[in-house]
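Trainee: The sequence and its predicted three-dimensional model are supplied below.
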Amino acid sequence: MEIDARGSGKSLSFCCINIDNIFCVSRLTREGLGTTNLACIASERNSIGVDIDPEIVVLANQWIKKKGEKVNTIVDRRISDHLNFIESLSDEKKSKCYTNEPHNFLVKTRQETALKIKRMKSLSMNNGTFISSYED
């Protein structure tokens, strides 16, 4: 288990925990209100949002629930932007691309060949925890 935390006054400004998986822990603020957590949901990653102000937590949970309904729009846009980028490449550059196996489209790096971007099936809240499931 790795923990990296940085303090700012009385509050935790940033913390990242890695436990056999990718976890992102972020301090919730009025400015962010869970944007890191939403990015983790869209990327099928685990995250934990914390704040010492209960009002911020309530606002962040409301914001994540509202914006969480649009996660598939984010995922679809990521794929569409990628396909447009690949389409803009010259034939010579396309010939140097790899094929992403799960989606069967061209990618620029070998690391992307197994990347599977899943659409979210559901987002629910249980005891203050967002639980998301993804399409196969």
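Mentor: Sure thing, it's come through.

Trainee: got any ranges where this protein has weak pLDDT?
Mentor: Filtered on pLDDT under 70, the chain yields the residue ranges 1-33.

Trainee: where do the strands sit along it?
Mentor: Assignment of strands within the chain using DSSP state E yields the ranges 2-8, 11-18, 23-27, 46-50, 98-100, 105-107, 120-126, 129-134.

Trainee: in the fourth one, what's buried?
Mentor: Using 16 or more other C-beta atoms under 10 Å as the burial criterion, the residues of strand 46-50 that qualify are S47, G49. C-betas here are computed from N, CA, C, even on glycine.

Trainee: by contact count, what packs against it?
Mentor: Applying 3 or more C-beta pairs under 8 Å, 6 or more residues apart in numbering; DSSP states H and E, one finds that strand 46-50 contacts strand 11-18, strand 23-27, helix 35-42.

Trainee: again, only this time at 7 Å
Mentor: Judged by 3 or more C-beta pairs under 7 Å, 6 or more residues apart in numbering; DSSP states H and E, strand 46-50 is in contact with strand 23-27, helix 35-42.

Trainee: Let me know the angle separating it from strand 129-134.
Mentor: Orientation check (axes from the mean of the first three to the mean of the last three C-alpha atoms, to 10 degrees): strand 46-50 against strand 129-134 gives 160 degrees.

Trainee: Please find the angle between the direction vectors of strand 46-50 and helix 35-42.
Mentor: Using the same axes, to 10 degrees: strand 46-50 against helix 35-42 is 160 degrees.
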